[in-house]
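Participant: Sequence first, predicted coordinates after that:
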Amino acid sequence: MRIKHVLTIIALGVLGASCSDDNDDFKLPEGDYANGILVSNEGPFSNGTGTVSFIHNDSTDVKASIYNAVNNEDLGNIVQSISFTNEKAYIIANVSNKITVVDRYTFVKEAAIETGLNNPRYMVVANGKGYVTNWGDTADETDDYIAIVNLDTNSIEGTIAVVLGPENIVASGDKVFVAHQGAYGFNNKISVIDTKTQEVETTITVGDLPSGMKFDGSGNLWVLSSGKPDYSNDETAGSIAKIDVNSNEVISSIEFGATEHPGRLNFDSNKLYYTLAGGLYELQTSAESLPTTPIMTDAYFYGMVIKDGKLYGTDAKDFSSNGDLNIYDLDSKALLNTFTVGIIPGGIYFN
């Protein structure tokens, strides 16, 4: 979901203070972990626990393992992602098959969802429900599903069967869009789920291994597909497709070179961004062809988010010691700051 921007919150607070008593119930976020950056760290794959780090907007200090610091317990193995409502954060531990629910600003634990999940990956909130992608048993290509989370009871209230390898998930209006990257296999589908009926409305064919989805300013959905790698013995080119979310049709598609495999799709200031072979590329949404020159080199990031003219990229280093979060000015490409976070930092969020 879209996270409240700090400036918006401040502006609303000032407006509420200057208007009538109708806004007396409005409160600024309170807690040690408001107004800053959250980084989800996967942690060691075979043992140990994932963590969440926090950097306040006005500080250069990193608060490590904030969930453990508040609750004196661990999140579980492989912290895959975090999803949000206005007040809560839902932290998905993939190998532990668990979603930990916390107050997003204090990180005090409110609940844990530990049944009804099987290799959970990502979650989106739509129409008052949570939708979580699950790979199921990776040896079984027919048991993948979306778990429906009742946000009031913090429990799984139903499932929706989908095709192989549901990964990233986004929402627009009454629809949820699921990118099927293929888990340990390969797929090229986007499932469209109607949240009113809780059924798959249709599937859209895109390029192989759809790895990123972003909405543009007009509400169109852009899907970046990495293409099958050379080790698949059936290498295919990456591509980027534009989808009309009303008709569920691909409006346009641009293909990369036969051996080019892009990733890390972002959208900021009416432009799309992606990485390819260590370069960061900028693509106008009106473009009919791909750029040939990167705007930044050495863009080898494990996780990457571009927001308000800044690039936030993580470096997982050796995948067994603490990684870094690097922040760059997108115009000058200057490195603004580096923060040491946890082991295998993957997710970057603004709280």
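Facilitator: All right, it came through fine.
Participant: Just the helices from the stretch 1-150 of the chain, written as ranges.
Facilitator: Ranges of helices within the stretch 1-150 of the chain are 6-18, 66-71, based on DSSP state H, counting those that start in this stretch.
Participant: Against which helices or strands is the shortest one packed?
Facilitator: When you say that, I think you mean helix 66-71. Other helices and strands packing on helix 66-71, by 3 or more C-beta pairs under 8 Å, 6 or more residues apart in numbering; DSSP states H and E, are strand 51-56, strand 98-103, strand 109-113. (C-beta placed from N, C-alpha, C; glycine too.)
Participant: Below-threshold pLDDT in the protein: ranges please.
Facilitator: 1-28 (pLDDT under 70).
Participant: ok, 90 please
Facilitator: 1-30, 45-47, 59-60 (pLDDT under 90).
Participant: What separation is there between the spatially closest residue to D74 that is not a sequence neighbour and Y349?
Facilitator: Nearest non-adjacent residue to D74, counting by C-beta to C-beta, 6 or more residues apart in numbering: T49, 3.8 Å away. Distance, T49 to Y349, by C-beta to C-beta, to the nearest Å: 19 Å.
Participant: before we move on, what about V39?
Facilitator: The spacing between V39 and Y349, counted by C-beta to C-beta, is 8 Å.
Participant: More neighbours: which of these two?
Facilitator: V39 (27 against 20; other C-beta atoms under 10 Å).
Participant: residues contacting the residue nearest to D74?
Facilitator: Taking C-beta atoms under 8 Å, 6 or more residues apart in numbering, we find T49 in contact with G43, N68, D74, L75, G76, N77, V79.
Participant: Tell me the bridge partners for the last one.
Facilitator: Here V79 sits in beta bridges with A93, as judged by DSSP bridges.
Participant: Verify the stated contact: S239 with F256.
Facilitator: Yes - if you go by C-beta atoms under 8 Å, S239 and F256 touch, sitting 6.3 Å apart.
Participant: what about G48, how many neighbours?
Facilitator: For G48, the neighbour count with other C-beta under 10 Å is 14.
Participant: same deal with the one 3 residues further on?
Facilitator: For T51, the number of neighbouring residues by other C-beta under 10 Å comes to 26.
Participant: again, but for L335
Facilitator: The number of residues near L335, taken as other C-beta under 10 Å, comes to 12.
Participant: Need the nearest residue in space to it, chain neighbours excluded.
Facilitator: Y328 (5.6 Å).
Participant: Could you report the separation of S269 from K307?
Facilitator: Counting by C-beta to C-beta - S269 and K307 are separated by 10 Å.
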